[in-house]
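[1] requesting a structural model of the entry that follows:
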Amino acid sequence: MKKRAICVLLTLCILLSGCSSMLNREYASVTPHSATPAADGDPSVLRVERYQELVNALVYLISLGRESGSVRLYMESDAVEQSLEDACLEVVQKDPLGAYAVDFITYSLSPSVSCYQADLQIAYRRTVDQIASIISATGATAIRGALKTALAQFSPEAVLRISYFVEDEDYIRELVEEAFYSAPLTAIDLPDAAISIYPDSGRQRIVEVLLSYHSPHSVLEERSAALKAKAEQLTALLGTRLGDQKILSAAAQVLAQGGYQPENGYTAYQALLGGGADSSGLALALALLCQELEVPCQVARGSLGGEAHYWNVVQTETGYQHLDLTAGVVGAESFFSDQELEAMGYDWDINSTPPCALREGRTPRIQTGTD
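    The predicted structure is shown next:
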């Protein structure tokens, strides 16, 4: 018993000693734009002791949209003014938020008993609302999702703070198009996208996407509402269909509204309410009806005969298959595998669509048709 008691006491001592060392261990917590400590309890004046704290203080004021602020610098006197000048320049030119939102920073510097006080004036080229609406996103999926939300609301801009961003404007423009074709109900007007990236380089950057639509916001909302009503009307007729027959019936409904009209427009609205559409409009229309019917379906983007072309990849009873409505008729033989589509001259990023296998017992077929 005595030996056991001694062991318990030793174990407790070790645990208590370990806890103490754990409590004293240093750790790092990365929090962007965290508040800099106030000087002497004054929330309007920030206190800094090192150069990086000074940079953080400036970024903090900008994140709040402050046009003025004061910072007390507890630094070596011979380094204060140069540090302040360098920090202002770094924030405006190299920090993502500063490069995006700030035109310039001016300051006046005055000595105090134990420090220097810098009174700052910040001139902005973005509004407080624009700064507050910046969305953090990392990776293509998150970026595409933020752009999809902006397009669904017909927003004039989307501003993203992206970590580890090494891409360019063309990459963002491609994601804008991907987001457009992933939401057929609101794919009413593919806007022109003007893209700016702040700063020119760095681990973290802000991407500004300005979206210019070709119709007024009210018109886009009206067309989206009318398109939804039309899709609901058409799919209500297909409630009793099952499996592939449901898909083919939806495709037939799309063609019955006007069919393939290469010069008539590129949206589901034109396909279902405007007397027909090109390959893009037909593909978006079928994707919309499939969405209403809860059938997995996406728009495939590629080329045929050297020209831009669009079609669908839809989940059938035997797996995913390609379906192109520009042929004008649909039936059991309208589904195609990757192998068949490539043989027919279609070209697309095969990684952008689910694999479409050749159906069992079927000889590869070739269909002709161009956009």
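
[2] Gln52: how many residues sit nearby?
    The number of residues packed near Gln52 is 10, by other C-beta atoms under 10 Å. Yep, even glycine has a C-beta here, placed from its N, CA and C like the rest.

[3] check what contacts the helix or strand encompassing it and list those residues.
    According to DSSP states H and E, Gln52 maps onto helix 51-63. By C-beta atoms under 8 Å, 6 or more residues apart in numbering, the residues outside helix 51-63 that reach it are 33-36, 46, 48, 69, 71, 73, 75, 83-84, 86-88, 90-91, 95, 97-98, 101-102, 105, 120, 122, 131.

[4] residues in contact with Pro184?
    Ala268, Leu284, Ala285, Ala287, Leu288, Gln291, Val299.

[5] isn't the first one right next to Asp278, touching?
    No - the pair formed by Ala268 and Asp278 falls short of the contact definition of C-beta atoms under 8 Å, at 11.6 Å.

[6] more neighbours: these two, which one.
    Ala268 (33 against 22).

[7] closest to the centroid, which residue in the protein?
    Closest to where the C-alpha atoms of the chain average out (C-alpha atoms, centre = their mean) is Ile143, at 2.1 Å.

[8] quick check: closest non-adjacent residue to it.
    Ala137 (4.9 Å; C-beta to C-beta, 6 or more residues apart in numbering).

[9] related to what we said a few turns ago, pLDDT of the strand or helix carrying the residue nearest to the centre of the chain, averaged?
    Here Ile143 is covered by helix 140-152, with elements defined by DSSP H and E. The average pLDDT within helix 140-152 is 94.

[10] ditto for stretch 185-204
    Taken as a whole, stretch 185-204 carries a mean pLDDT of 95.

[11] list the contacts for Glu85?
    By C-beta under 8 Å, 6+ apart, the contact set of Glu85 is empty.

[12] residues of the strand or helix carrying it that come out buried?
    Element membership for Glu85 (DSSP H and E) is helix 77-93. Neighbour counts over helix 77-93 (16 or more other C-beta atoms under 10 Å) mark Val80, Ser83, Leu84, Ala87, Cys88, Glu90, Val91, Val92 as buried.

[13] that one vs helix 51-63, what angle?
    The directions of helix 77-93 and helix 51-63 differ by 40 degrees, with axes from the mean of the first three to the mean of the last three C-alpha atoms, to 10 degrees as the criterion.

[14] now helix 77-93: mean pLDDT?
    Helix 77-93 shows a mean pLDDT of 94 in the predicted model.

[15] what's the neighbour count on Pro216?
    Pro216 is flanked by 10 other residues according to other C-beta under 10 Å.

[16] now, the contacts of Pro184 that are in strands?
    Within those, residues falling in strands by DSSP state E are Val299.
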